[in-house]
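Undergrad: Predicted model and sequence below, questions to follow.
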Amino acid sequence: MTKIGVVIFPGSNCEYDALTAMTSLGADADFIWHSTDTIEGYDGIILPGGFAHGDYLRPGALARFSPVMSAIAQFAKAGGAVLGICNGFQVLTEAGLLPGALQKNRGLTFLCQPTTLIVASTRSVLTRAASKDQELSIPINHFSGAYTCDDATYEQLIENDQVVLRYKENPNGSRDDIAGVSNVEGNVVGLMPHPERAMSTLLGSADGRILLEGFLRAPVSAS
Amino acid sequence: MNSAPEPLHRALGLTDSELDDIRTVLRRDPNPLELALYGVMWSEHCSYKSSRIHLKRLPTTAAHVLVGPGENAGVIDAGDGIAVAIRIESHNHPSAIEPYQGAATGVGGILRDVFTMGARPLAVMDPLFFGELDDARQRWLVEGVVSGISGYGNSVGVPTIGGELTFDKCYASNPLVNVLCAGALPTERLVLGVASGVGNLAVLLGSSTGRDGIGGVSVLASAGFAGEDGAQSLDDAKRPSVQVGDPYEEKRLIEACLELLDRGLVVGIQDLGGAGLVCATSETAARGGVGMDVDVNAVPLREEGMQPYEIMTSESQERMLAIITPENWPAVATLCAKWEVRASIVGHVVEPQLDAHGRSVGMLRVRDGFDGEILAEVPAASLADEAPLYDRPRARPASLDAVLDDDPTYDEPQGVASDDLLALLMDPAWVYRQYDSQLFLNTVVGPGRDAALLRLAGPGLPASERGIAISTDSNPRWCALDPRVGIALTIAESVANLACVGASAKAVVNCLNFGNPEHPEVMWQLSETVDGMSEACLALGLPVIGGNVSLYNESGGSDIDPTPVVGLLGVVQSLVAPPPGWAWREGDTMVLVGVRTARGASPFPLGGTRWATNRGRRGGRIAEFDGPSLRATFDFVAGEVAAVCAGAPSDVTAVHDVGGGGLATAIAEMAASNGVGASVIELTSHAELFSEFPGRFVMATNDVESFTTRAAAAGVDVVELGVIGGSQLTIGSMIELPVERIASRRSSALEDALASLD
Amino acid sequence: MNFPVTVTVTLRAGIADPEGATIERALPALGFDGVTHVRAGKSFHMMIEASDEGAALEKATALAQRLLSNPVIENATARVGDSGWGAP
Amino acid sequence: MNFPVTVTVTLRAGIADPEGATIERALPALGFDGVTHVRAGKSFHMMIEASDEGAALEKATALAQRLLSNPVIENATARVGDSGWGAP
Ligand SMILES: Nc1ncnc2c1ncn2[C@@H]1O[C@H](COP(=O)(O)OP(=O)(O)O)[C@@H](O)[C@H]1O
Ligand SMILES: [Mg+2]
């Protein structure tokens, strides 16, 4: 069985949802408290949504200094699968594990709504079970979700096929409709939408399964 | 400033006769600190002194009620070993001066009421009332309040799943911000805010204490009660009593408190709300029949030079008081440290004393060090429960008969119905899109429909297939015309909302927002409202398990319309499939279910409708409340929808209740929800299109014969309204509109109004 | 003429500042000692057309108080100059 | 010794500033004309313990750049002094 660790920072709030989603897919999942400085025996790590450290200063700005982050950086360097959802994505960019930054939404309001995503690349640990250009219905829930980067970074992203998901209709002013990106190797992925909220048609959509099932597959070493 | 100095007790809001009462209790003159404690605890806000004698008339019991009014939140047994706690409160006055923080701290306060009971907060709702949006200040208020609820609720991690949004000029100077919270707990973990066990410790958890919200008692500073440093300047007295919310602190506080309760480390627990530490310590001591010594020096402070009266009455946010045994202190301290929650021992539970009549009386003693000087010593119960009760004069407004006779139902001519309909459409999505409505993976029906529907699941709860439904409702237009029937119909509408998602109503909470209780008309409205609520609850078999009263919503001598808000909690036995919802399908048959005509003066009264208000008509009569026929209709509809939720085969494909804006609005909303039109039979008049009396549902079925048979068996009326399909909505010869136009008008109405420039 | 103006919005004394307090609590763990009284506020920069510096300041002050802050909990001060903003 | 320090955090040139743009759009309707190039940023104030002003500034600059700003999108400058904050 695949073992998944869900990191809790004080102020995280989607940790139970991430855990529930993973166990419903058959994973063996447990929580990792942010002050832990080693992570061992995990096949994948999830940084869930929420407001780590209250999002004070900037989303992710304080969380990136938590002891667990150095351990995650090592885990990622060794090829471990790391997924940041929403606030987790913000933490990964602040920590420099993913390029770019997340800015306030264009409309300057929080947005909780369904969105349609388009799979832009299937070479990441999150999208490997999806097909390119596949449309997925997955909700967003954020205030600072507009992906931003400078031109040089953007060119790199395109060249290395690091844009993994785009919005069909841009809700927040994200550059090039970007909803999620990966690192060059494809083993670290962040996205603003919440796949764990799209696990069942009772709650509106089951498309999140396609992404999270892919993430659960034993880590492949990306080329 | 130059006039003779006001006596201190009056400056603290106490009347001369209240001062006499205090002297009788104490058998001596109170010192200034003691006066300050009585001043806040005997305020209208804390003591309900004007409303309490009326609230006693509400029905509060039922077999499934575990905790009724009087505790921090009401609690029902929802089955499967799960209890649901629910509570509603107002944060009106703070929101009027600092809308963001006023609303944010309102959310924080209501959450504490719920997790105090041991329940994990799972849902927030926010009934909001503002003046008309053509005024820039109202737009500032709306944007501030909504972002405050969003900013706090989303961050603290509790989904906001619904509410109300009303614009009326009567709220221009008195916006109303009510917040409801529901939470769930394993039934056996229920805890109450009681201090017991002499020798136990009172531990203050959470934020440090500053001079927040000291408003009323700050007169003590200028009254020469500033102690050594008489330097308390006028500046301090004028200090804004605005509290700032910290959702991050609250989130950690919730987790720490729930873990303390899970591990059985506390004897009792109580939130610090209005009146802060004095309220929490005196209430817990009074409930336990014990005394409490509080050391003001042990309270961690955020500001320098704070005086005992400030420490005792501060309304600093994000604090809780836990009563624990001394043996558990090390474990409590360790657990709190993990969550980065500050914990300090600020009180000791002590033996009650015997008074002159040999009765045992728990005293609240405020001390300067646990062994130090006693700064104040008063019976805890006299603060918490023994405020004077007032039966204030009541009078039916003299002008009411003329208002009732000015009935828009018979207005002629009535204008183009299609335009009237478009003007009634407004989707509050701009509001609820800003709220996380999905956290915890429970939200089956979120904001924007009739009632919110959640799976009854959450961290630490036993597994269950059940669902809970919640709806908040109000209708100040009806209540202005007839508070007694108005609130009864409001409750009916709320039960109808629950029926739309398959839930049967189990309990009511209410928030009574009224004007100045010293106006006899306002007290009449309040008293009538309590009677109407009682009648409706008895007729529909519902207990009232909690509430809140907000008075003095007046400005410039004019009171708001009576605005009782109700929150209804319902249960769905089996929730494995979503209810049908609004979206109907081509070819299905549209039916009107329920009483087609209201009893009363006119078959379709227009008094108090949104249609009439839109044209400046505020008079007229409203429908009567017919308990038995409403109950039969609600049971039938809830049963039909519950079958769908349970996964049973059903011919019902859509459902929506007739609410604000009447039948035409309900039909238009359904058409707009998925862009499919309909062709409806001739309706006879504007009155039939726009009358709002509740207890009616628009439903769609793909087997009208079978549906009608079931309804007849239940004794419920059904009228075939027409056929669903096409891209137009046609209602007889009165309305003919492209569905697209309906949908775009409905979705843009609110944003357009907010964007309007003066 | 156009004048560069900087507006600083701060919480009034005595108003709780959870953001400042949270940052301050986090600092020692990040290796920053001896930092106290951390307070968080907002800053705005703009170009204001006015006949002279005094008029620009007056306009900026009105704007700062009416639009950029709520005087119930915040103070707003305007200054002509860049104050760390650099050129527009 | 304790030095008052003010840090201003601004968006880097070329990074979109929706907040500044929104304020600028709202101004004419509120009666403020001739206000352009509105940009929104953050301001922090703190007391820093250091042997002298230079050391305080050095510490503040490190703090501003390592923690108070995100270099991907923001610039940060620190100054010793109050800059509109008033006493702590
Ligand atoms: N302030 C608000 N916050 C969240 N949801 C809201 C708010 N106002 C209205 N809604 C949602 O919009 C929908 C329509 O509300 P309302 O017009 O009161 O419906 P009804 O007339 O059926 O009671 C409901 O689902 C309600 O929960
Ligand atoms: Mg409603």
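TA: Looks like it came in fine. Numbers count the residues shown, from 1 in each chain, chains lettered A, B, ... in the order given. Ligands and ions are numbered 1, 2, ... in the order given.
Undergrad: Run through the helices of the stretch 151-300 of chain B in chain order.
TA: Counting by DSSP state H, counting those that start in this stretch, residue ranges of the helices within the stretch 151-300 of chain B are B:219-222, B:234-237, B:247-262, B:276-288.
Undergrad: now do the stretch 1-150 of chain B
TA: Per DSSP H, counting those that start in this stretch, the stretch 1-150 of chain B carries helices over the ranges B:8-11, B:16-26, B:32-41, B:44-47, B:52-55, B:92-97, B:99-115, B:136-156.
Undergrad: mind putting those helices in TSV, mean pLDDT and mean neighbour count included?
TA: Every residue, glycine included, has its C-beta placed from N, CA and C. Below are the helices of the stretch 1-150 of chain B laid out as TSV (pLDDT from 0 to 100; neighbours: other Cβ atoms under 10 Å in any protein chain shown):
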stretch	mean pLDDT	mean neighbour count
helix B:8-11	90	18
helix B:16-26	95	15
helix B:32-41	94	26
helix B:44-47	88	20
helix B:52-55	95	18
helix B:92-97	92	21
helix B:99-115	96	28
helix B:136-156	97	23
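Undergrad: touching ligand 1 at all, stretch B:466-480?
TA: Yes: using Cβ under 6 Å from any ligand atom, a contact is recorded between stretch B:466-480 and ligand 1, made by B:Asp473.
Undergrad: Chain A against chain B: which residues are in contact?
TA: Counting by Cβ under 8 Å from any Cβ of the partner chain, chain A comes close to chain B at A:10-11, A:13-14, A:16-17, A:20-21, A:50-51, A:53-56, A:109-113, A:139, A:141, A:143, A:194, A:196-197, A:199, A:201-203.
Undergrad: shaky segments in the chain?
TA: If you meant another chain, say so; for now it's chain A. Residue ranges of chain A with pLDDT under 70: A:1, A:218-223.
Undergrad: Can you look at chain B instead?
TA: Across chain B, the ranges flagged by pLDDT under 70 are B:1-4, B:215-240, B:412-414, B:596-602, B:757-758.
Undergrad: Show the residue spans covered by the strands in the chain.
TA: Assuming you mean chain A. For chain A, the strands defined by DSSP state E occupy A:3-8, A:28-33, A:44-47, A:81-85, A:101-103, A:111-119, A:135-142, A:146-148, A:163-167, A:178-182, A:188-191.
Undergrad: could you do chain C instead?
TA: Using DSSP E, strands in chain C cover C:2-11, C:35-49, C:74-80.
Undergrad: how about the helices of the stretch 151-300 of chain B, which one is nearest ligand 1?
TA: helix B:247-262 (17.6 Å; Cβ to the nearest ligand atom).
Undergrad: Nearest spatial neighbour of the residue of chain C found nearest chain B, chain-adjacent residues omitted?
TA: Going by Cβ to the nearest Cβ, chain B is nearest to C:Pro18 of chain C, at 3.6 Å. Leaving aside its sequence neighbours, C:Pro18 sits nearest to B:Asp246 (Cβ to Cβ, 6 or more residues apart in numbering or on different chains; 3.6 Å).
Undergrad: so what's the one you found up against?
TA: A:54, B:207, B:317-318, C:16, C:18 (Cβ atoms under 8 Å, 6 or more residues apart in numbering or on different chains).
Undergrad: List just the nearest of those to chain D.
TA: The nearest one, if we look at these relative to chain D and count by Cβ to the nearest Cβ, is C:Pro18, at 14.0 Å.
Undergrad: Now do the contacts for the closest one.
TA: C:Pro18 sits next to A:54, A:56, B:244-246, B:248-249 when contact means Cβ under 8 Å, 6+ apart.
Undergrad: May I ask which of those residues has the most neighbours?
TA: B:Asp246 (29 neighbours; other Cβ atoms under 10 Å in any protein chain shown).
Undergrad: Can you get me a residue count around B:Val416?
TA: 11.
Undergrad: any idea how far chain C is from it?
TA: For B:Val416, the distance to chain C (Cβ to the nearest Cβ, to the nearest Å) stands at 41 Å.
Undergrad: how close does the residue nearest in space to the middle of chain B get to chain D?
TA: In chain B, the C-alpha nearest the mean C-alpha coordinate belongs to B:Ile88, at 2.9 Å (Cα atoms, centre = their mean). Applying Cβ to the nearest Cβ, the value for B:Ile88 to chain D is 34 Å.
Undergrad: repeat for B:Ala202
TA: The gap separating B:Ala202 from chain D is 33 Å, by Cβ to the nearest Cβ.
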